[in-house]
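Peer 1: Next comes the sequence, and after it the predicted model I'd like to discuss.
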Amino acid sequence: MSTNDTYLAIFLGSKTSQRRIAWDALPEGERRAKEREGMVAWHAWVDKHQTAIVAMGGPLGKTKKVSHDGAHDASNHMGAFTVVRAASHEAAAKLFVSHPHFAIFPGDSIEIMPVLPIPGQ
């Protein structure tokens, strides 16, 4: 994977944020309707930016943290990821402005970072 124009986008969201609490409190029928609306918008975002998407990525499951102490269950705010190509860091970030992750769903934010070359290669 070329790294000079490649960016990793991490979708973040807290299960304890006010937006998530309000989302979870919606009546089931209303929440399901918002989920359908969100998925339609998400697919539209993918269609619009398909030439920039290197790896669609997907939702992330439960976390295991590995350190010198071994492997343990852990918690973080990461919910999904996508890899895109763009001319600049700013251009990559602009791809995600008004993304359904937080425009419709109760996600908090999306962090975009360049994938850097491995030193010495």
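Peer 2: That came through fine. Numbers count the residues shown, from 1 in each chain.
Peer 1: can you give me the strands for the protein?
Peer 2: 6-12, 53-59, 63-67, 70-74, 78-85, 109-114 (DSSP state E).
Peer 1: Of the ones you listed, which is nearest residue 96?
Peer 2: Comparison of these against residue 96 by CB to CB identifies strand 109-114 as nearest, at 4.7 Å. Quick note: C-beta positions are derived from backbone N, CA and C, even for glycine.
Peer 1: and the direction of the closest one versus that of strand 78-85, what angle?
Peer 2: Interaxial angle of strand 109-114 relative to strand 78-85 (axes from the mean of the first three to the mean of the last three CA atoms, to 10 degrees): 40 degrees.
Peer 1: coming back round to it: out of the strands of the chain, which gets nearest to residue 101?
Peer 2: For residue 101, the closest of the strands of the chain is strand 6-12, at 5.1 Å, according to CB to CB.
Peer 1: Also compute the angle for that closest one relative to strand 78-85, please.
Peer 2: 160 degrees.
Peer 1: what is the rounded mean pLDDT of strand 6-12?
Peer 2: Here strand 6-12 scores 97 as its mean pLDDT.
Peer 1: Over to stretch 79-94?
Peer 2: 97.
Peer 1: So which bits of it are buried?
Peer 2: Buried residues in stretch 79-94, counted by 16 or more other CB atoms under 10 Å: 79, 80, 81, 82, 83, 84, 85, 86, 92, 93.
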